[in-house]
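# Sequence below, structure please.
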Amino acid sequence: MQKFIPSYNGTLRSHLVEVPSCISACSGIRVFGRRIKSVVFSTDVSIIKNINGDAIIAVYPFTPQPIIAQAIISVSDIPVFVGVGGGRTNGPRSVRLAAYAEHQGAFGVVVNAPITDITISQIKEVVDIPVIATIVSTQMDVGKRLASGADILNVSGAAQTPEIVRQIRQQFPEVPIIATGGPTEESIMATIEAGANAITYTPPTNGELFAESMRKYRARYEE
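Modelled structure (predicted):
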């Protein structure tokens, strides 16, 4: 029997971006007592402030900068997982960024696929928040990532994500897995059924949302 859940939306805040409801089907991952099922992939503070996800994953294709992490953490009402490099940025700099992110209030640090196992070990030595390692292929050595200190896996394999998750789950039945869910409810459910504990959701951009609002405004004057 489905439970009735009372809710309050207000007036000015009723226009929120909502994550797909099917994400609730996954088990979630408890981080410092918080159960996280939906992880929003965004660095747009206006989206972050107006979305109903459980956490934010703040990664971007530039060198990680503490001032960006601080801006996102200060705006967010929910936990933030902060990217600390692995591609352009690596080694000692990633270690320093991870330590700083923890001091800023990050709930976890995310390392990208090219990062070395040694750097993961060094990060784990200086932080008490989870280290989240990104997995992009079935060819990656997941066992070494976990042995080096990765606490959570972040699977981002585009259309191959469900298969990557399935293979990891067969080998490591209890490892926490966050995975990209894709654009549809069917693709999200396929990822959950493969074994993902939490789903990464990419919301519409600020430009896309505002374009829809502008279409509605213009339509009023065309009637």
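
# What residues sit buried inside the one helix or strand residue 210 maps to?
Secondary structure from DSSP states H and E places residue 210 in helix 206-220. For helix 206-220, burial by neighbour count (16 or more other Cβ atoms under 10 Å) applies to residue 209. Heads up, the C-betas are built off the backbone N, CA and C, glycines and all.

# Over to stretch 48-55?
Those would be 48, 51, 53-55, for stretch 48-55 by 16+ other Cβ under 10 Å.

# which residues touch that stretch?
Applying Cβ atoms under 8 Å, 6 or more residues apart in numbering, the external contacts of stretch 48-55 come out as 13, 15-19, 28, 31, 34-40, 42, 56, 72, 75-81, 107, 198, 201, 203.

# Just the CA trace of it, in PDB.
Provided in PDB are the C-alpha atoms of stretch 48-55 (Å, rounded to 0.1, in the frame of the first residue of the first chain):
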ATOM      1  CA  ILE A  48      20.800  24.000  -7.000                       C
ATOM      2  CA  LYS A  49      18.600  26.300  -4.900                       C
ATOM      3  CA  ASN A  50      15.400  25.300  -6.600                       C
ATOM      4  CA  ILE A  51      15.500  21.500  -7.100                       C
ATOM      5  CA  ASN A  52      14.300  18.700  -4.900                       C
ATOM      6  CA  GLY A  53      17.200  16.300  -5.200                       C
ATOM      7  CA  ASP A  54      18.900  14.700  -2.200                       C
ATOM      8  CA  ALA A  55      22.500  15.900  -3.000                       C
END
